[in-house]
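>>> Could you work out the structure for the sequence below:
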Amino acid sequence: MPRPIRIVLVEDNEVFRGTLELLLGLRPEVEVVAAVGNGGEVVTAARERSADVVLMDYRLPGLDGVQATAAVRAACPGVAVVCLTASASEREREALLRAGASACLTKDSELDEIVAAIRRAAGA
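Model (predicted):
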């Protein structure tokens, strides 16, 4: 089996972050290597943990999802970003994609759909 896709999870809601980290941990094709609570921490975490994909919330303290996505793509061009948001307008989703996100899903998406988007983003 190939090495798991290394994920940095960016989510400010601690309960949702922990739950998502636990659920993703059950999937052998992915590995959460870091989980952070704000957009300002993501570039450092992606670099230090050799991430393949960042799973990014839209509404974050400090840098929002668009700003944090652009920062990741500028600092770590080999790292893909998949956004996961509870509520983003069509305009906000378009801004995420323009900033470099490869996909934008809602938080109520099935885990299989989220993992599939991560796999596509990683080229797996």
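>>> Confirm that V82 sits in a strand.
Yes: read with DSSP: H, G, I helix; E, B strand; the rest coil, V82 is one of the residues of a strand.
>>> so how many other residues sit close to it?
Neighbour count for V82, taken as other Cβ atoms under 10 Å: 23. (Glycine included, C-beta is placed from N, CA and C.)
>>> Relative to R93, how far out is it?
Distance from V82 to R93, counting by Cβ to Cβ, to the nearest Å: 12 Å.
>>> anything in contact with each of those two?
Taking Cβ atoms under 8 Å, 6 or more residues apart in numbering as the contact criterion, the residues that touch both V82 and R93 are C104.
>>> and the helix or strand bottoming out on mean pLDDT in the chain, which residues are buried?
In the chain, the helix or strand scored least confidently by mean pLDDT, DSSP states H and E is helix 90-98, which has a mean of 89. Going by neighbour count (16 or more other Cβ atoms under 10 Å), the buried part of helix 90-98 is 92-93, 95-96.
>>> ok, of those residues, which one's closest to S109?
When those are compared for distance to S109, the smallest value, 13.4 Å, is given by R93; criterion: Cβ to Cβ.
>>> you'd agree that closest one is up against C104?
Yes: here R93 reaches C104: they are 4.7 Å apart, a contact under Cβ atoms under 8 Å.
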